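Asks: With the input below, show me the fold.
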Amino acid sequence: MEEKTIVCISCYYKGYDFLDEMKQLGNKVILITSENLKDKNWPWHAIDEVFYMGEIAPSVWNLEHLVQGFSHLMKTRKVDAVIALDDYDVEKAALIRETFRIPGMGQTTHRYFRDKLAMRQMAKDSGINVPEFTAIFNDEVVKDFTEKVPGPWVLKPRSEASASGIKKIKTSEELWEAIENLKEERHLFLLESFKPGDVFHVDCLVYHKEIVFTCSSKYLAPPMTVSHDGGVFRTKTLNRYSQEYKDLDEINSEVITHFGLVNGATHSEYIKGTDGKYYFLETASRVGGAHIPDLVEAATGINIWREWARLETALLRNQNYEVAKPTGFFAGLIIALAKEQKPDTSLFQCEEVVRFLPLDYHIGIVYKSDDENKIQNCLDKAGQKITEDILQIIPPKAKPTS
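Replies: Here you go, the predicted model:
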């Protein structure tokens with residue numbers, strides 16, 4: 001069978017299983033990554049060639065240099081697919097595909113999975129519930145918005161991943177000061193109503209516009225809370241037969257359909273407001289971060305990184321793709337900063353533990369059970385122990401560094 005050449009772009013160290021699976025499936029794997037990630041534990045056995053880019057800011061490359069470098073690469077290599085392994089790489093991959101006419105998501109569609117203003121407008125135009133929002137380009141528009149939509153509000157970067165750079169604002173005075181402080185970067189932000197409620201994430205695989213795999217979960221501490229106040233990150237999978245699961249499935253299907261994703265992995269977030277309605281928060285055309293793939297695998301038996309590699313390979317070879325039948329376990333994930341480089345995990349050992357995540361200065365635990373209540377109990381007990389004995393709280397930085 002003809003060898004296919006896959007270029008994977010990543011400005012962060014991630015996607016080990018994806019790269020490994022791509023190689024096992026008989027593909028040629030080329031990695032383009034940041035120069036400062038040379039010494040990371042990449043699956044070197046699976047990588048045929050690697051090219052490095054210098055960073056002009058964290059996660060930011062000179063795109064002109066990227067195109068020039070890729071042009072040189074293309075002289076002697078026929079590239080069949082370009083894959084973005086991280087949220088920050090979606091734009092880079094779309095630019096490369098458009099420039100060199102490589103199949104896959106282009107620059108128009110990528111904005112709906114990267115630019116929070118574009119995705120909110122698309123959701124609103126498609127009749128999907130979203131928190132009230134506005135661009136902040138114009139003073140009068142902002143003033144009208146704050147008069148019509150009561151605070152608190154959230155000032156959000158349009159292109160940061162997860163909860164990075166988000167600021168909760170309570171008064172108009174505080175808002176105008178924050179906008180003034182943005183200076184030349186003002187156009188890179190949006191303003192939206194702060195909606196209290198439960199936050200959920202839905203992790204999917206999409207094949208020929210059809211969702212072929214879904215795992216829905218509930219954050220027990222929203223990422224924004226952990227990012228801003230420190231604390232313990234916790235999430236757990238939902239019962240597939242619950243009303244929450246069905247409601248999330250419905251709104252998520254609408255998002256995938258209207259946003260135009262044809263193939264690939266998605267990670268989307270929603271909030272259930274105090275009015276009982278579900279609101280779209282954001283989506284990304286990549287696998288979820290924060291070790292969410294470990295949670296998904298514990299519950300379903302599906303390694304979403306490897307499954308994504310199988311899906312992409314099937315597309316390249318014009319073969320049919322079918323995802324394996326998922327298992328029906330419940331799973332939980334807890335991660336927190338730790339005071340020690342290697343915190344003692346023996347205190348947390350129990351039959352529900354699938355694995356302890358090997359993270360320096362963190363404690364991370366993945367749980368699995370056929371009993372939903374046991375997962376909740378494990379997360380509650382572990383959260384209390386971590387808070388009392390292990391947790392390290394560091395004030396948040398204005399900009400993300402990892």
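Asks: Phe113 versus Trp61, what's the distance?
Replies: 19 Å (CB to CB, to the nearest Å). Heads up, the C-betas are built off the backbone N, CA and C, glycines and all.
Asks: do Val366 as well
Replies: Taking CB to CB, one finds Val366 at 27 Å from Phe113.
Asks: neighbour count winner among those two?
Replies: Between Val366 and Phe113, counted using other CB atoms under 10 Å, the more crowded position is Phe113 (27 against 21).
Asks: Now do the contacts for the closest residue to that one other than its chain neighbours.
Replies: Spatial nearest neighbour of Phe113, excluding adjacent residues (CB to CB, 6 or more residues apart in numbering): Ser285 at 4.0 Å. Contacts for Ser285 (CB atoms under 8 Å, 6 or more residues apart in numbering) come out as 84, 90, 105, 110, 113-114, 261, 264-266.
Asks: thought Ser10 was touching Asp89?
Replies: Yes. Counting by CB atoms under 8 Å, Ser10 does reach Asp89; the two are 5.7 Å apart.
Asks: what's the domain layout of the chain?
Replies: Following automatic domain parsing, the chain resolves into domains at 5-104, 132-193, 197-389.
Asks: mean confidence for the second one?
Replies: Per-residue pLDDT values over domain 132-193 give a mean of 92.
Asks: Next one: the residue nearest to Thr283 when sequence neighbours are not counted from Leu73, what distance?
Replies: Leaving aside its sequence neighbours, Thr283 sits nearest to Ser268 (CB to CB, 6+ apart; 4.0 Å). From Ser268 across to Leu73, the span is 32 Å (CB to CB).
Asks: The two: which has the busier surroundings?
Replies: Shown here are Ser268 and Leu73; by other CB under 10 Å, Ser268 has more neighbours (25 against 18).
Asks: beta partners for the more buried one?
Replies: Per DSSP bridges, the residues bridged to Ser268 are Val202, Thr283.
Asks: Could I get the contacting residues of it?
Replies: 201-202, 204, 252, 255, 280-284.
Asks: same thing with Thr171?
Replies: Gly151.
Asks: What of Gln24?
Replies: Going by CB under 8 Å, 6+ apart, the list of residues near Gln24 reads Ala46.
Asks: Per-residue confidence, it, what does it come out as?
Replies: Note on Gln24: pLDDT of 97.
Asks: Over to the one 3 residues further on?
Replies: Taken from the predicted model, the pLDDT recorded for Asn27 is 97.
Asks: likewise Leu391?
Replies: 84.
Asks: tell me the SS of the residue nearest to it when sequence neighbours are not counted?
Replies: In space, and not counting its chain neighbours, Leu391 is closest to Ala336: 5.4 Å by CB to CB, 6+ apart. Using DSSP: H, G, I helix; E, B strand; the rest coil, the structure places Ala336 in strand.
Asks: Do I have it right that Ala336 meets Ala290?
Replies: No. Between Ala336 and Ala290 there is no contact under CB under 8 Å: 11.5 Å.
Asks: what residues do these two have in common as contacts?
Replies: With CB under 8 Å, 6+ apart, Ala336 and Ala290 have common neighbours Phe233.
Asks: in the stretch 151-300 of the chain, which spans are helices?
Replies: Shown for the stretch 151-300 of the chain, the helices assigned by DSSP state H, counting those that start in this stretch span residues 172-182, 223-229, 243-259, 292-300.
Asks: Can you give me the neighbour number for Gln341?
Replies: With other CB under 10 Å as criterion, Gln341 counts 9.
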